[in-house]
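> no sequence on this one, just coordinates:
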């Protein structure tokens, strides 16, 4: 009995992925494209050679951090929709520090990363304090904060960091996460040292939540605010702290873009979606540090690999979006598969 | 033979456990049939099988002599089986009628015909003496009334057989009395009732026959008229149970807790505690008797720091603890067994082990410099699990998976172990079976004998009478009388609780 | 248990991918040669490249910005140019010419890089947003030729294609000034920046040159892909009394058209006009029998793209040069498709001003500062 349950738990994600791939294949077939070519293009686009592997890992990096940001808040029972905005302010802050100072790398780079974390933390602090003190729902505040972040960042890029340009100067090399060594290993991909930062942060999240008294309180507040209050924990303080830490993770995701991928900040016409995709990454990763890392890997793979599908397999971009969405849908809705599985098992008896 | 329900050789398994093993239940038409068992014995599972929520692995169900295959609750409804769950399934903001018709609304041209529904509800309510206002909103009516709405709901859907799952657990003594009348009137109208309970008194009072199950096994069915509570209890628990809690006379010493002229408002801003005075001394159990809603919850929340006071003083050992944070209150030497163990007492999604240190995780040896030491935590947890007989697969099991009694034992273990000066126990045995009640009562008395002060809040008069050394009757936000249990009886107490502060109401 | 689950999930995903990848690769071998090793693929010197190209082995591709090739504007125009080029030389999509669409600005570099690695000889970045990406990749692959449209990029292997949009916009301004009845016209820009400011400056200068009293409402949507915002801005402008709107906002402009058409649908007599941009947007303005597109400031991206591609194929790639397409070489022009709306009077005025611009009598401002000077001098 126990054994078969275990089997189900292992089988379900496998079935999810297979179903996602299958339904994507069916869609491609219906529209007259060769699904094998399509998936081969996806694979080649993500792992085809070391350049694409580098780009995939580059894309995974901010996803890990934005996924951690959402997951951390969710563990404390808060839905941080504002990761997107926190990414923006983090990106901006890191680039601002990156271009404004001339320091030795050992100071400059950590300073720029820290600035991003602080900026994101501040952006998370506002909805946190509003929730704790006035009971304003964090979802509403964080959504609005996203727009504030977007337009303020654009304005600062245009009017403070530059003189009417729509792109800042390149950050100083001493603040850059970019690595010639990694780039040369991967044929000039933009893979940068940020991946190490992201993985380290996953470790930090795991440690804070699972090993510290603070994490104990945060999780407790996430599960049951009444019991936490009864046990003498300050619910408000923990809410603010959770949002601050979540915001800091998101700010770091911004730093990955600012100090790693791009090396500058430009005027954005819309959201980057790093934050919004982070919600899916967190949910897919079950809000656990390791799960988030793996889910970010899946998302980055799909995202980068999909770019190759139109050119290599001729599948139109729109169809690619549908196929990718189907795969994510099936992975995320393993609940349905679990249900079908149990049903099937019962009828078989 | 005229059985309306027959469940024969029912077996239901869950991963790792057999919840029902070869159980038989035969209910006659027009009888009230008790289903008796400890918490976790498999009563609810059996009833969920009957109601179509679970499919049995083996066995046969017959309704009115015909074999039935009940694969979902709709089929159960069609067969005339209705269930009133322990936790009501009502929409707070809807009216009684709307809740009753929900899901089977009478329609006229696509619109819900509420007028007709209201009339039908009214008729049903009068016929069975339920006395429910069809237009009242659920949030405005008492818990007892809500339960009657649930009963009406099943009747409205044409139920002939009613399953009542622990219906008295949430009711005041007065409401219990009314419910018993309602049950009697239902059977006199030809309905049959299956009453799930572990309260022997109720079975003796109202039931015709009683089927006992223990640890998933059917023990047998007895005629209530031919048995007595002691026999039922030993059938249920599997050993002899003592009913009256044995204790030596109290030896109260210095005053630990003193409350002077306390005023507290509730969430809505209504004053619920109105100038209350109370002392609790070392080595005594003071029981607060009263009908729910007279300010008891607010009083306890005020003492424990969960609710701000308006005015007045709360002192522990002559030191003011008024309006301290919950943590400061805890540290000053008060333990609190909360009224609602799911809402306050436990983080249900935490393992039992982590719940055991919910109040002390920040102290050594459970953590050091902000880093938890899970080895020490689980060592302690295992000690407490052992000492307080918390039945759980292991300390890593989520608290949610435990039965109510074991959850409560875990809380009591945690709170008592902190060696507090004052233990506040609010409804410590609510919803528990006799075995657990016995254990908890023994523990509380033990603590009293160690020289601790115990403040007991309970809506069960029997518990108050059995356990208290002194009874403080609370009515309308004040202590209206203090009496000794040996100098009073349930009738007198009931009168005092209703606000008739007559005879010995010599307070302070 | 949990770890196990994830491990298996990913192991599976990867193995499926591997299998598919293997199948796919063998399938594709016959088709094109994308399997040849990446970075050092075009080892030929530039000279050799040209020779090879002349022999008909030339291929060209473009990377869109987030607007996509169906933006009814800029990217679409460029793509049409590539299609025309392909047709001319007997190529088909995927065999000789192709495009890659970007979903976000992080994708630019990835897309360009992939095209390089698929051995395209000339790769265009469409739109100034791709300028840093083109520069970055061009410096890594000196043997591949790149084109950047609408921006100036540094590099010996990059041809920068720019347009004198301010000149065309000036004429659009003249048309608007002649058409307006309310003496209020509007300008909807995409993202506020040097490029679109050029459109704005030229347009305002054109309007004011005809009649200095006409009010010009200038607004930016801060996006080239937000039709909803375009519609909202247009709605506000038309409500205020503006009757001609010139948009220089890519796909955002689709919202401007939508709003004008909505108004026209409700009230066929309404006097609302849109001036399109980049392509002749006459089709976008059709409402029943009438059309709200007054004219379009046509930027012949297609011609420019085709032109540079042909040069590259013939071994005459203008690497390192900044090509400016203006009124005189028909790189920008004013569409006259809507014959009903473009009256004789308007066309005459446009021709007059065009004359003045091409022979140098009028220096059209291309920045806000120049515009100020220009307006003051009127």
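On my side now, so go ahead. Please read all numbers here as calculations on a predicted model, not as lab measurements. Residues are numbered from 1 along each chain as shown, chains lettered A, B, ... in the order given.
> just checking, residue B:5 touches residue B:194?
Yes: with contact defined as CB atoms under 8 Å, residue B:5 counts as touching residue B:194 (7.5 Å). Using the backbone N, CA and C atoms, a C-beta is placed for each residue, glycine as well.
> any common contacting residues for these two?
B:25, B:27, B:50, B:161 (CB atoms under 8 Å, 6 or more residues apart in numbering or on different chains).
> Neighbour-wise, give me the winner out of those residues.
residue B:50 (26 neighbours; other CB atoms under 10 Å in any protein chain shown).
> For that one, give me its contacts.
Residue B:50 neighbours (CB under 8 Å, 6+ apart): B:5, B:7, B:61, B:70, B:76, B:81, B:163, B:194.
> Ramachandran angles for whatever residue of the stretch 151-300 of chain B ends up closest to chain C?
Closest residue of the stretch 151-300 of chain B to chain C, CB to the nearest CB: residue B:216 (26.6 Å). When read as degrees, to the nearest 10, the backbone of residue B:216 gives phi 80, psi 0.
> so how many other residues sit close to it?
A count of nearby residues for residue B:216, using other CB under 10 Å, gives 21.
> what does residue C:159 give?
Residue C:159, neighbours per other CB under 10 Å, totals 25.
> what lines up beside the helix or strand where it lies in the sheet?
Assigned by DSSP states H and E, residue C:159 belongs to strand C:158-163. Within its sheet, and counting by DSSP bridges, strand C:158-163 is paired with strand C:145-149 (parallel), strand C:322-325 (parallel).
> Give me the mean pLDDT for that strand.
The average of the pLDDT scores along strand C:158-163 is 94.
> Skip ahead from it and say which helix or strand is next.
helix C:165-179.
> Give the next helix or strand downstream of that following helix.
strand C:184-189.
> picking up where we left off before, any chance of JSON lines for the strands paired with strand C:158-163, columns mean neighbour count, mean pLDDT and distance to residue B:33?
Shown next, in JSON lines, are these (neighbours: other CB atoms under 10 Å in any protein chain shown; pLDDT from 0 to 100; distance: least, CB to CB, whole Å):
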{"stretch": "strand C:145-149", "mean neighbour count": "29", "mean pLDDT": "95", "distance to residue B:33": "85"}
{"stretch": "strand C:322-325", "mean neighbour count": "18", "mean pLDDT": "93", "distance to residue B:33": "94"}
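> Select, out of those, the one closest to residue C:346.
When these are compared by CB to CB, strand C:322-325 sits nearest residue C:346, at 23.8 Å.
> Distance from the chain centre to the closest one, please.
Here the centre of strand C:322-325 is set off from its chain's centre by 15 Å, with CA atoms, centre = their mean, to the nearest Å.
> Touching it from outside, list them.
Residues from elsewhere that reach strand C:322-325 (CB under 8 Å, 6+ apart): C:152, C:159-164, C:299-300, C:303-304, C:308, C:331-332.
> Adding distance to residue C:271, write the residues you listed out as JSON lines.
Formatted as JSON lines, the contacts of strand C:322-325 follow (distance: CB to CB, whole Å):
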{"residue": "C:152", "distance to residue C:271": "40"}
{"residue": "C:159", "distance to residue C:271": "43"}
{"residue": "C:160", "distance to residue C:271": "41"}
{"residue": "C:161", "distance to residue C:271": "37"}
{"residue": "C:162", "distance to residue C:271": "35"}
{"residue": "C:163", "distance to residue C:271": "30"}
{"residue": "C:164", "distance to residue C:271": "30"}
{"residue": "C:299", "distance to residue C:271": "27"}
{"residue": "C:300", "distance to residue C:271": "30"}
{"residue": "C:303", "distance to residue C:271": "33"}
{"residue": "C:304", "distance to residue C:271": "35"}
{"residue": "C:308", "distance to residue C:271": "41"}
{"residue": "C:331", "distance to residue C:271": "32"}
{"residue": "C:332", "distance to residue C:271": "27"}
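> which among those residues gets closest to chain A?
Using CB to the nearest CB, these come closest to chain A at residue C:152, 13.5 Å.
> I'd say that closest one and residue C:163 touch.
No: the pair residue C:152 and residue C:163 does not pass the contact test of CB under 8 Å, sitting 11.9 Å apart.
> Chain C contacts on the stretch 151-300 of chain A?
Those residues of the stretch 151-300 of chain A that sit near chain C, judged by CB under 8 Å from any CB of the partner chain, are A:151, A:154, A:158, A:164-167, A:187-190, A:257, A:261-262, A:264, A:266-270, A:272-273, A:286, A:288, A:290-291, A:294, A:297-298.
> Low-confidence ranges, the stretch 201-349 of chain A, go.
A:335, A:341-349 (pLDDT under 70).
> Am I right that residue B:455 falls within a helix?
No: counting by DSSP: H, G, I helix; E, B strand; the rest coil, residue B:455 falls outside a helix, being strand.
> What number of residues are in the vicinity of it?
Neighbour number of residue B:455 under other CB under 10 Å is 25.
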